[in-house]
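Colleague: got a predicted structure here, sequence first:
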Amino acid sequence: MVAKFRGPGMYRAAWGTVLGVVVSYAIIGIFRTWYDLDETFKGYAVLELALFLAPIGFLIGLGAFDYWFRWASGRPTVPDDHSSHGAHSWRDYFKVNTDHKVIGIQYVVTSFFFFFVGGLFAMLMRAELAQPGRQFVDANTFNGLFSVHASLLIFLFIIPVFAGLANFVLPLMIGAPDMAFPRLNALSFWMLPLAGIMMLLSFVAPGGSFASGWTAYAPLSVTAPEGQVFFTIGVQFAGASSIATALNFLVTIITMRAPGMSFFRMPLLVWANFSTSLLVVIATPFIAVSQFMVFFDRSLGFNFFEPTGGGDVLMYQHIFWFYSHPAVYIMMLPGFGIISEILAVKSRKPIFGYRMMAFSLLAIVVLGFTVWAHHMFVSGMQDWIRIPMMITTAIIAVPTGIKIFSWLATLWRGVLHLDTPMLFALGFLTMFTLGGISGVLLAIIPVTIHVSDTYFIVAHIHYVLFGGSLFTIFAGVYYWFPKMTGRMYDERLGKFHFWTTFIFFNATFGPMHVIGIQGMPRRVADFAEQWAGWNLAISIMSFFLGLSALVFAYNMIASWRGGPRAESNPWRALTLEWQVSSPPPIFNFDAIPTVVGGPYEYGVPGAVHGVLKGAEIPQPAGATAASGTSHGSGSSHKDEGG
Amino acid sequence: MNEASRREDKIPVVQMLVVGFIASAIGIAAGLAIEWFPEAASTQAGPIDHLYDVLIWTSVPVFVLVTTIVLFSVIKFRMRPGEENLDGPPIHGNTRLEVIWTAIPAVILVVLCAYAWIVLVDIEEAKANEMRVNVTGQQFAWTFEYPQSDGKPIKSTQLYLPKDRPVRFFVKAVDVLHDFWVPAFRMKIDAVPGIETKYRVTPTRLGTYPVVCAELCGLGHSVMRATTRVVTPAEFDKWIAEQKAPAQAAGGSGATAEADGKTLFTDGNGAATACGACHTLADAGTTSETGPELDKALAGKDAAYIEEGIVAPEKEIAPGFQGGIMPKNYGDTLSAEELKALVTYLGEVAGK
């Protein structure tokens, strides 16, 4: 029993959490006594410190820092014998595990949990909005629902689910045994559920959950009830997780590519994650700063955003959007990578204009940092900056257009396999084009002056993040499901899921363009009678959209438990992750493979992307299914260190 | 694996062009037929609505282009039985095509931006004989202030504007961000604590239009509304004159305290928002549920309690409601007589 509480794991994590709270009480008590303040254990002071220390206590308890602590204190480190590699039962997913494939699955499952919670909040909002007036929730709860909905789906779903998919397939794709920093990888993952739980816990805070939107504009967020700090601090954990993962991807991609894999032989998913990671590493510190400043204003009486104290309200928006505009590309570029993989494989053709596809990603990275103030066209900032921001915003559609047209050219004259991943990829092409077009409309300042802060914005962002990002996520999950689980999903259910999602997505978000321009503002619990009909229709459609997500959930769970066994390369793909078994062996490759050609040479007679040394020479049609599945192939593998 | 035989069919370019052209025509016609915008009531609305039409003309063909290619590819190039192991032709790219689809969108976008810039300059241009109106946003009410050359400015919670007279709004916020938006005018700007923001409009159409707070400002954000009344210049001058002499205007000879209080409750006084906009009161026939129902909340209460509820609403929050929604400025926007009349009225109909 004692060993259970001393060794790393959930028990020690539990008392680590409690210890974090106790230390918070102690620190606050000591300081308030010292300064002779009344209320020695002032509630909000203890809470805010505990929101930092309890999660850190949890992480230490779980064992995320054990190796580093030993090393730092000069004690002998426990050499990584890879006993924690792989997952043999569901319990292994609740431990600090350094295997990138386990971490990838931890990421994807965790983020889909928050996807369903965030979706449920959307259902509650649509229930309230089905009729004008107040029916189910009061104004404060409603504001909380849309704030937590957006925060969860952005910080706990779209950003991490891409990180999760890439975590699983990216090292395989570049022929690496694991990520560059496996222990950092594990820590990155474990910060994530903490951020999500914190955001959900805000509902039990006095005064309700944070309710100033996911944008948390000052000064509303500074004066809001205590629930706000659950966002302010939660974002720090999600952000730290995201930065650490991005660094890990960068180092992995730069240093761990298999011999022969030059930058221009990398699959575009790798390029996409390389670009995304650059964005994350540069931009994410800005949102961390913006929330720390809110925190200092709230808790320590600073005046960053308090004009009577010399602060500047607009400064918040500039810092916030300097992250949050690139964040839109953080939520889109990995999806571009997924689509490139799927379209090439499912059209049986090389990707059209490979180099331009790679360069356009980098162009988006650079331009992405020059457009943030288009979120502020009506904010009251200096007038002149609007014109350059309009031009850069419009111009960023050019590299995006290059990608769309190159994908279309990839389809052209191919042999299209119209299965579920492909349907979602094609759905993405059309829906994201609509989102891109409304994006260009929003660059045009005179139009934006009228439509900003209306339902038009809600429609636009859902066409980009749902019709764009989420469609690519679904496509990617179906595409790599056989590789990740070793099982095949149910194709008929998958297609049913696609068509219901596609139809009800459009029925839900399409009409929002109209009511937005007609003048319905966003973020309101109540609206004028003239939009009653539209809103009722939107609500009904959104419930069907919600139901379609359940089809997906059923398909995933049932297929994972009892789907037919997947062969190693069911799609006849050339990239390296399909040349090993499904699921891949614990150490990915028996020996590091050699890359001898481009990743998408479909239709080129006898083309090979990579050669697996020590294994059979790969045949185009998956003859490597029998190579080691889960045990005993680790002997030739060297310690990947920390 | 014989891809040549399959690829011999003619690629239906002409067919695609015809379908694309028809679909674009239908799309553009639909896009122009939809009544996107609310009624236009300012000189700013025309150029903006027209710019939007131009954007419809440009964007529909782009969407049709992408969709047509996707649909034709699906129909024409889908895998047919027996083609399970077939690959497409290994086409890696085409520099001329790539240059074209980089350059043409860039040119279109730059032209659109140039046009938008021209419209922007147009709608923000200063006009002669501008009237100044100071707009103040606070949780959760708007106040409009008309500076007068002969002394005290006139304050109102309703926005009165004379038709065809250029007006410039100077917008401020007391507490948090708000956004001053009149959809019929097409213009909006944030009310930002610490700075003054501005924009211009010239109302062109008589009528009443909603004023909307478009920036999330807290619990009462969705009820932070006011009314714009565009009136003839003569009516406007009359209204200004009435506001300057509130005693005669509000008094009305022989009116009882009850009648006054009831009018104040249902209509406000021009400076103070009407109580009935948020509160249910059987006698006044109001039914809103934003605030507590006064027939119950005030039952058996005395005048002092009612007065405190009006001027200091934060002191006691009715169970089931949240503080911070009712404006805290009734002590300023109601005159002493008006406050007394309102308290008396509420005491008679609800407090008994």
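Modeller: Perfect, thanks for sending it. Numbering: from 1, shown residues only, chains lettered A, B, ... in the order given.

Colleague: from the stretch 51-200 of chain A, which residue is nearest to chain B?
Modeller: Residue nearest to chain B within the stretch 51-200 of chain A (Cβ to the nearest Cβ): residue A:139, separated by 4.6 Å. C-betas here are computed from N, CA, C, even on glycine.

Colleague: got a list of what that residue touches?
Modeller: By Cβ atoms under 8 Å, 6 or more residues apart in numbering or on different chains, the residues touching residue A:139 are A:525, B:219-222, B:322, B:325.

Colleague: out of those residues, what pair is the most spread apart?
Modeller: Within those, B:222 and B:322 form the most distant pair, 13.5 Å apart (Cβ to Cβ).

Colleague: who has more neighbours out of the two?
Modeller: Comparing residue B:222 with residue B:322 by other Cβ atoms under 10 Å in any protein chain shown, the one with more neighbours is residue B:222, at 22 against 17.

Colleague: ok, and the most crowded of the contacts of residue A:139?
Modeller: In terms of neighbours by other Cβ under 10 Å, the contacts of residue A:139 top out with residue B:221 at 27 neighbours.

Colleague: isn't that one right up against residue A:523?
Modeller: Yes - the criterion here is Cβ atoms under 8 Å, and residue B:221 meets it with residue A:523 at 6.6 Å.

Colleague: now do the shared contacts for these two.
Modeller: residue A:143.

Colleague: domains for the chain, by residue range?
Modeller: In the absence of a named chain, this looks at chain A. According to automatic domain parsing, chain A comprises the domains A:2-72, A:98-562.

Colleague: um, chain B though
Modeller: B:3-123, B:131-244, B:246-349.

Colleague: reformat these as JSON lines; add distance to chain A and mean pLDDT.
Modeller: Converted to JSON lines, the domains of chain B look like this (distance: least, Cβ to the nearest Cβ, whole Å; pLDDT from 0 to 100):
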{"stretch": "domain B:3-123", "distance to chain A": "4", "mean pLDDT": "91"}
{"stretch": "domain B:131-244", "distance to chain A": "3", "mean pLDDT": "93"}
{"stretch": "domain B:246-349", "distance to chain A": "6", "mean pLDDT": "74"}
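
Colleague: most tightly surrounded among the ones you listed?
Modeller: The highest average neighbour count among those, using mean count of other Cβ atoms under 10 Å in any protein chain shown, belongs to domain B:131-244 at a mean of 20.

Colleague: which one is residue A:260 nearest to, not counting chain neighbours?
Modeller: Using Cβ to Cβ, 6 or more residues apart in numbering or on different chains and skipping residues adjacent in sequence, the residue nearest residue A:260 is residue A:595, 3.6 Å away.

Colleague: what sits against that neighbour?
Modeller: Taking Cβ under 8 Å, 6+ apart as the test, what residue A:595 contacts is A:175, A:257-261, A:265, A:576, A:609-611.

Colleague: which of those residues ranks first by neighbour count?
Modeller: Neighbour counts for the contacts of residue A:595, by other Cβ under 10 Å, peak at residue A:576, which reaches 28 neighbours.

Colleague: that one and residue A:600, how far apart?
Modeller: Computed as Cβ to Cβ, to the nearest Å, the residue A:576 to residue A:600 distance reads 13 Å.

Colleague: export the domains of chain A to CSV and tack on mean pLDDT?
Modeller: Shown next, in CSV, are these (pLDDT from 0 to 100):
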stretch, mean pLDDT
domain A:2-72, 91
domain A:98-562, 95
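
Colleague: what does the stretch 201-350 of chain A put close to chain B?
Modeller: When proximity is defined as Cβ under 8 Å from any Cβ of the partner chain, the stretch 201-350 of chain A approaches chain B at A:211-213, A:217, A:219-220, A:223-224, A:307-308, A:311-314, A:347-350.

Colleague: ok, back up a step: of the contacts of residue A:595, which pair is most distant in space?
Modeller: Spatial extent of the contacts of residue A:595 (Cβ to Cβ) is set by the pair A:257 and A:611 at 14.7 Å.

Colleague: the residue positioned nearest the centre of chain A sits in which helix or strand?
Modeller: Closest residue to the average C-alpha location of chain A: residue A:159 at 1.5 Å, with Cα atoms, centre = their mean. Secondary structure assigned from DSSP states H and E places residue A:159 in helix A:159-173.

Colleague: so after that helix, what's the next helix or strand?
Modeller: Following helix A:159-173 toward the C-terminus (DSSP H and E): helix A:182-201.

Colleague: after that following helix, which helix or strand is next?
Modeller: Downstream of helix A:182-201, the next assigned helix or strand under DSSP H and E is helix A:220-223.

Colleague: buried sites along the helix or strand following that following helix?
Modeller: Per DSSP H and E, the first helix or strand lying C-terminal to helix A:220-223 is helix A:228-255. For helix A:228-255, the neighbour count (16 or more other Cβ atoms under 10 Å in any protein chain shown) marks A:228-250, A:252-253 as buried.

Colleague: likewise for stretch A:449-465?
Modeller: A:449-465.

Colleague: ok, and of the residues you listed, which contact chain B?
Modeller: Contacts with chain B are made by A:449-450, A:452-454 out of these, judged by Cβ under 8 Å from any Cβ.

Colleague: strands of chain A, start to end?
Modeller: For chain A, strands defined by DSSP state E occupy the ranges A:594-595, A:610-611.

Colleague: redo these as a markdown table? Include mean pLDDT.
Modeller: As requested, the strands of chain A are exported to a markdown table (pLDDT from 0 to 100):
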| stretch | mean pLDDT |
| --- | --- |
| strand A:594-595 | 94 |
| strand A:610-611 | 90 |
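
Colleague: verify the stated contact: residue B:204 with residue B:164.
Modeller: Yes - using Cβ under 8 Å, residue B:204 is in contact with residue B:164, at 6.4 Å.

Colleague: run through the residues that contact the residue in the stretch 251-400 of chain A positioned nearest to chain B.
Modeller: Closest contact between the stretch 251-400 of chain A and chain B, by Cβ to the nearest Cβ, is at residue A:307 (2.5 Å). Contacts for residue A:307 (Cβ under 8 Å, 6+ apart) come out as A:313, B:193-195.
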